[in-house]
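>>> Have a look; sequence and predicted model below, questions after that.
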Amino acid sequence: MTPGAARAPGGAQRVAVIERHGKFLVAEPFFGSGPRMAVSRDPRTHVGDLVLVRGSTGRNGRRGGRAQIARRLGRPDVARDVIEALMVDRGLRRSFAPAVDHQARDAAASSAAASAEGRRDLRSLPTFTIDPSSARDFDDAISAAAEGDERWRVWVHIADVSAFVAPRDLVDREAYRRSTSVYVPGAVEPMLPEALSNSSCSLVPGQDRLAVTVEMVIERDRVVSSAFHRSLIRSDERLEYDQVDRIFSGGERASEPWAEPLAAARAAAAGLAARREARGGLVVDSAEPEFSFDRDGNVVGTAPVAQTEAHRLIEHLMIAANEQVAAFLESRQIPALYRVHERPDGASVERLVEQLASLGVPTPPLPRGMSPQQAAEAVGEASQLVEQWVSRQGHGRRALTSLVLRSLKQAYYDQHNIGHAGLQSPRYCHFTSPIRRYPDLICHRALLSALTGEVPAPERAFVVEAGPWSSAREREAMLIERGADDVALCFLLQRTLSLETGWETEFDGEVVGLVSSGAFVAFGEQLAFEGMLPVRRMRGDWWELNEQGTMLVGAHSGRTVRLGDPVRVRVDKVDAPRGRVDLVPAWEDE
């Protein structure tokens, strides 16, 4: 279902605000444009409410009469309500059909006991999870042990969703339709019903759980052998990223029985990280915002969640597990979905180097007539040089990282393995998050069909269809998540200006994007907010975008506004429900 195209038996559905026009109540479209509709009175709603309305369909199938209010969503000045409205507007269902929920509960009740037989019992292994503090489902856990000098055995345990969800049953069909969970500030649209995602499939501590385990022997910086098991595990501890980072920095002591396994996992991940860097993998550090709300649904704070050593530990071990599964599936020629990231073309890499050079950023030398492999290696080296440059300069990371990412092709799912250029990996799949990604469930079934024969291998025709569908659903989810983040940030900015600092506040910022009509500026503490600074508000000159798209140049003064430049701005207007901020330059006040 495409964004904004939610349908219902009674006609088209639309998110709107109830307004009064004379004696009548009308529904004014909230997102985008469209005709207002007269609505019938509903005792559950009042003027000013945010609602989901269903267009009326009269006799002969023609639209007419009054629209009906299908659901009250809240108020347009409350962040949580607007985010809920955004999700509904983009076609998310926000609940499961009763039959799907019922089947999920039945599966959770019956499969756990019945499926424990015939599994490798790994409950004696000290095991832990590492997740954000806000995580509600846990689909991966780790066990690890040192086996001598620079040799470790690592077990990556992944929730065995396939034990609870049979191919083409009601839950499976709904999971395929959704294809991915969608995470927005304060809410989630899960791929699986809660009875599975937050309960029976979640690797919570102290509970026996069904898993699929990738057992790897790692020597120095590479995996030298691997094995796969349908397993029974029990997590000893739920660790959080902040806690693990405190342990690594010496601010907190690790406890038994997971202290030594955590140390072993850390050492193994460090070796894998060194190899990934040596083979030219992309270096892209990013920070995702995490929001806090009050009881009324207002955004009251945000903090960027940066990639720390704890995050990278999990990342490198999951990458290794995914690579081992992909290699096995390819060797057996079992129908499965691979995570494909094609190598960049030479022209895109040449433009990236020109853009970086125009900003004075060191660049790698480029051979003439670059092959795709050489282009991929050049981007990896460029990303490392960018990281070194911004570390010295203290600014420009977001803008320059964006340039690197735009030089790449978009990753997608496909039945053919052609490698993952960003990871410099010859074979890669998504296997480690089957609670929230359908392609991972396909790979689980493919692996288990070869290991036990108890699960049928995915049909090739189905896998061919699932690749483009899953890729499209992933892109839609990303757009919804980014839009919801923008909405939450705008509400927080509006609250900050209105209740704390005042609208005349000047902010230090940084140019993170440029178009001919203006500059996108990240500003505020830790550059949390972002807005548009139009060239029409930058008076006293005629500004033109240079050929590389990396700076605005004043035609009369020769002044420049470059990607990564520090700037000082004021907020002119905030359109919180639509996630838009207009800025004006503070330097004109000086």
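Arrived safely, thanks for sending.
>>> got the buried residues for stretch 309-325?
310-314, 316-325 (16 or more other CB atoms under 10 Å). In short, each C-beta sits where N, CA and C put it, glycine included.
>>> Of these, which belong to strands?
Using DSSP state E, no member of the buried residues of stretch 309-325 falls in strands.
>>> so which of the residues you listed comes closest to residue 334?
Nearest to residue 334 among the buried residues of stretch 309-325 is residue 325, at 10.6 Å by CB to CB.
>>> ok, and the closest non-adjacent residue to that closest one?
Spatially, and ignoring its direct neighbours in sequence, residue 325 is nearest to residue 431 (4.5 Å; CB to CB, 6 or more residues apart in numbering).
>>> need the helix or strand of the protein with the lowest average pLDDT.
The weakest-scoring helix or strand in the chain, judged by mean pLDDT, DSSP states H and E, is strand 7-8 (a mean of 36).
>>> Quick check: next helix or strand after that strand?
strand 11-21 (DSSP states H and E).
>>> That following strand pairs with which strands, parallel or anti?
strand 7-8 (antiparallel), strand 24-29 (antiparallel), strand 50-54 (antiparallel) (DSSP bridges).
>>> So which residues make contact with that strand?
For strand 11-21, the external contacting residues (CB atoms under 8 Å, 6 or more residues apart in numbering) are 6-7, 25-31, 34, 36-37, 39, 45-57, 63, 69-70, 73, 76, 85-86, 88-89.
>>> one more time with 6 Å
Outside strand 11-21, the residues that touch it by CB atoms under 6 Å, 6 or more residues apart in numbering are 6, 25-31, 45, 47, 49-55, 57, 76, 85, 89.
>>> Can I get the buried part of those as one ChimeraX selection?
Selecting only the buried entries of the contacts of strand 11-21 in ChimeraX, with 16+ other CB under 10 Å as the criterion:
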select :6,25,26,27,29,30,31,45,49,50,51,52,53,54,55,76,85,89
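>>> Reformat the strands paired with strand 11-21 as a markdown table; add distance to residue 585.
Shown next, in a markdown table, are the strands paired with strand 11-21 (distance: least, CB to CB, whole Å):
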| stretch | distance to residue 585 |
| --- | --- |
| strand 7-8 | 45 |
| strand 24-29 | 33 |
| strand 50-54 | 34 |
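>>> nearest to residue 338, of these?
Per CB to CB, nearest to residue 338 of those: strand 7-8, 33.1 Å.
>>> what sits against residue 96?
Contacts of residue 96 by CB under 6 Å, 6+ apart are residue 193.
>>> tell me the phi and psi of it?
When read as degrees, to the nearest 10, the backbone of residue 96 gives phi -110, psi 150.
>>> please renumber so the chain begins at 868
Fine by me, first position is 868 from now on; the one you just mentioned is residue 963.
>>> How much space separates it from residue 1296?
From residue 963 across to residue 1296, the span is 27 Å (CB to CB, to the nearest Å).
>>> Now for the residue nearest to residue 1192, how many residues are close by?
By other CB atoms under 10 Å, the residues close to residue 1298 number 31.
>>> Could you do residue 1412 as well?
Residue 1412 has 18 nearby residues by other CB under 10 Å.
>>> next one: residue 1073
Residue 1073: 9 neighbours (other CB under 10 Å).
>>> now do residue 1389
Neighbours of residue 1389 (other CB under 10 Å): 19.
>>> ok, now the one 10 residues further on?
The criterion is other CB under 10 Å. On that basis, residue 1399 has 17 neighbouring residues.
>>> For beta bridges, what are the partners of it?
residue 1387, residue 1449.
>>> Contacts only, for it.
Contacts of residue 1399 (CB under 6 Å, 6+ apart): 1385, 1387, 1449.
>>> Using PDB, write out every CA atom in stretch 1348-1365.
Taking Å, rounded to 0.1, in the frame of the first residue of the first chain, the C-alpha atoms of stretch 1348-1365 are listed here in PDB:
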ATOM      1  CA  GLU A1348      10.600   7.400  10.100                       C
ATOM      2  CA  ARG A1349      12.400  10.500   8.900                       C
ATOM      3  CA  GLY A1350       9.200  12.400   8.600                       C
ATOM      4  CA  ALA A1351       8.200  11.500  12.100                       C
ATOM      5  CA  ASP A1352      11.700  12.500  13.400                       C
ATOM      6  CA  ASP A1353      11.200  15.900  11.700                       C
ATOM      7  CA  VAL A1354       7.800  16.400  13.300                       C
ATOM      8  CA  ALA A1355       9.100  15.600  16.800                       C
ATOM      9  CA  LEU A1356      12.100  17.900  16.400                       C
ATOM     10  CA  CYS A1357       9.900  20.700  15.200                       C
ATOM     11  CA  PHE A1358       7.500  20.400  18.100                       C
ATOM     12  CA  LEU A1359      10.500  20.400  20.500                       C
ATOM     13  CA  LEU A1360      12.000  23.500  18.800                       C
ATOM     14  CA  GLN A1361       8.700  25.300  19.000                       C
ATOM     15  CA  ARG A1362       8.400  24.400  22.700                       C
ATOM     16  CA  THR A1363      11.900  25.500  23.400                       C
ATOM     17  CA  LEU A1364      11.400  28.900  21.700                       C
ATOM     18  CA  SER A1365       8.000  29.500  23.300                       C
END
